[in-house]
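[1] Just the structure for this:
(chains A and B)
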Amino acid sequence: MDVENLNNMMIDVLGEIANIGSGNAITALSSMLSKRVDMSVPQVRILEFNEVAAVLGGEEKLVVGIYLDLGEEVEGNIMFIIDIESAINLTNMLLGRKGNGVELDDMARSALSEVGNILASSYVNSLSALTGLRISVSVPSLAIDMAGAILSVPAIQFGYIADQVLFIETVFEEGNKTVKGNLFLLPDMDSFGKILSSLGVL
Amino acid sequence: MEIIKVGMADLNIIKAPGILTTLGLGSCVGIALYDKHNKIAGLAHIMLPSSKEIKNNTNEAKFADTGIELLIEKMVKEGAIKELLTAKIAGGAQMFSFNNNNSILKIGERNVQATKEKLKELNIKIISEDTGGNYGRTIELNADDGSLLVKTIGHGVKVI
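    Sure thing, here's the model as predicted:
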């Protein structure tokens, strides 16, 4: 299975799975916050290495990234990325804090990791239910840094097999637009094949 | 002054006056070569250690081994002298950490190691480096003096 070999139907199917998976994830976030959260239709994106960071607003943009490894029958990873202002607003909501904190302290980092954990688990649970494949999720790991540096991790993962990066992106936004983030599903190419054949597409 | 941006899995060269820059290096390694006498600078942004471990290896700039060779070739074509080249390297961070031994996450360290081995093999001396850690770096290589500016978020700015 190569990035170049994906046809439109396969891409549509991947988009649809992501739609259901991230729908579940966003519902979980919404009930955690007791607020409305809107999400975009997931986009299956195939990008050149140097185009990747532009998705998040440029290589040097400060973002929070939460990375979770997928294991067992589907390998790859899930990343939850939000800009720094959104991260502060989100943790203020979750922790019942007031005011405009400018720093993400340990408590805030831990809350963000937990959000990543819940988003990824609900995403993966529905992926697993749809495909019948066993999928495990690792503990979350968090980094606050330049978008380019954070995205180098999945880009390198694809670098082993391709000159492009394939990921499925869902953009979500809290009802009052104070929190905006991206959820990326990045299965490795063999796992794409497995997902597609479990659904009878391949 | 001319500023050329070098993207991921890419490389470029410049003659003074000018700057080569690469933004947001994470686990990738930025390899800055400089010929002080001819004031020619070259910068490669490699993603993986070795083209030999991988089938899909047509993009030479993606790997430490082939990337360094290609960069030198381009610099020599522009008048640089291989024996005069010195190197500075930056990047190779581990952005995310886990308790298990996930080789994908340790790739930064392996990129740095492969870069050093290749430079040693080619007899190019590394005069300074800023590698490892768990944070991203933006670097600027100035062709006037070969200085390498390293900028980070929360870990300072320095010239190496």
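[2] The residue nearest in space to the middle of chain B bridge partners, please.
    By C-alpha atoms, centre = their mean, the mean C-alpha position of chain B lies nearest to B:Ile31, the distance being 1.7 Å. Residues in a beta bridge with B:Ile31, per DSSP bridges, are B:Ala44, B:Ile89.
[3] residues contacting it?
    The contact partners of B:Ile31, by C-beta atoms under 8 Å, 6 or more residues apart in numbering or on different chains, come to B:43-44, B:46, B:64, B:67-68, B:71, B:87, B:89, B:115, B:119. C-betas here are computed from N, CA, C, even on glycine.
[4] Could you pull up the contacting residues of A:Ser122?
    Contacts of A:Ser122 were listed using C-beta under 8 Å, 6+ apart, and they are A:21, A:24-25, A:27-28.
[5] Return the member of those nearest to B:Ala93.
    The closest of these to B:Ala93 turns out to be A:Ala25 (C-beta to C-beta; 28.1 Å).
[6] looking at it, the closest one is touching A:Tyr123, isn't it?
    Yes: contact between A:Ala25 and A:Tyr123 holds when scored by C-beta atoms under 8 Å: they sit 4.4 Å apart.
[7] any residues in contact with both of the two?
    In contact with both A:Ala25 and A:Tyr123: A:Leu183, using C-beta under 8 Å, 6+ apart.
[8] so which of the contacts of B:Ile31 comes closest to A:Leu186?
    A:Leu186 lies nearest to B:Ile46 out of the contacts of B:Ile31, by C-beta to C-beta, at 20.8 Å.
[9] Looks like that closest one contacts B:Asn59 (just checking).
    No: taking C-beta under 8 Å as the definition, B:Ile46 is not a contact partner of B:Asn59, at 10.3 Å.
[10] Tell me which of the two has more neighbours.
    Each of B:Ile46 and B:Asn59 has its neighbours counted (other C-beta atoms under 10 Å in any protein chain shown); B:Ile46 has more, 31 against 18.
[11] Contacts only, for the more buried one.
    By C-beta under 8 Å, 6+ apart, the contact set of B:Ile46 is B:9, B:28-29, B:31, B:61-64, B:67-68, B:111, B:115.
[12] that older thread, can you list residues touching both of B:Ile46 and B:Asn59?
    B:Ala9.
[13] Specify which member of the contacts of B:Ile31 is nearest to chain A.
    B:Ile46 (9.6 Å; C-beta to the nearest C-beta).
[14] is it true that A:Asp12 lies in a helix?
    Yes: with DSSP: H, G, I helix; E, B strand; the rest coil as the criterion, A:Asp12 is part of a helix.
[15] any idea how far chain B is from it?
    Separation of A:Asp12 from chain B (C-beta to the nearest C-beta, to the nearest Å): 26 Å.
[16] same for the host helix or strand of B:Glu73, what does it pack against?
    B:Glu73 is part of helix B:64-77, with elements assigned from DSSP states H and E. Packed against helix B:64-77 by the contact rule (3 or more C-beta pairs under 8 Å, 6 or more residues apart in numbering or on different chains; DSSP states H and E) you find strand B:10-15, strand B:29-35, strand B:40-46, helix B:107-121.
[17] Checking my notes, A:Lys98 in a strand, right?
    No: assigned with three-state DSSP, A:Lys98 falls outside any strand and is coil.
[18] For A:Leu185, what are phi and psi?
    Main-chain torsions, A:Leu185, degrees, to the nearest 10: phi -110, psi 120.
[19] That one against A:Ser191, yeah?
    No: checked against C-beta under 8 Å, the pair A:Leu185 and A:Ser191 is beyond contact range at 10.2 Å.
[20] what do the two both touch?
    Contacts common to A:Leu185 and A:Ser191, judged by C-beta under 8 Å, 6+ apart, are A:Gly76.
[21] The two - which one has more neighbours?
    Higher neighbour count among A:Leu185 and A:Ser191: A:Leu185, with 27 against 19, using other C-beta under 10 Å.
[22] Next up, the contacts around the more buried one.
    Neighbouring residues of A:Leu185 by C-beta under 8 Å, 6+ apart: A:18, A:21-22, A:76, A:78, A:123, A:127, A:167-168.
[23] bridging residues for it?
    Beta-bridge pairing for A:Leu185 (DSSP bridges): A:Ile78, A:Ile168.
[24] what's the spacing between it and chain B?
    A:Leu185 is 16 Å from chain B, by C-beta to the nearest C-beta.
[25] So which residues on chain A come close to chain B?
    A:49-50, A:52-53, A:58-60, A:62, A:65, A:67, A:69, A:138-139, A:141-153, A:155-157, A:159-163 (C-beta under 8 Å from any C-beta of the partner chain).
[26] Buried by neighbour count, from those residues: which ones?
    Among the residues of chain A next to chain B, those buried by neighbour count (16 or more other C-beta atoms under 10 Å in any protein chain shown) are A:49-50, A:52-53, A:59-60, A:62, A:65, A:67, A:69, A:138, A:141-153, A:155-157, A:159-163.
[27] Now intersect these with the strands, please.
    With DSSP state E as the criterion, strands contain A:62, A:65, A:67, A:69, A:141-146 from among those.
[28] Max pairwise distance over those: which two?
    Pairwise distances among these were taken by C-beta to C-beta; the largest, 23.9 Å, belongs to A:Leu62 and A:Asp69.
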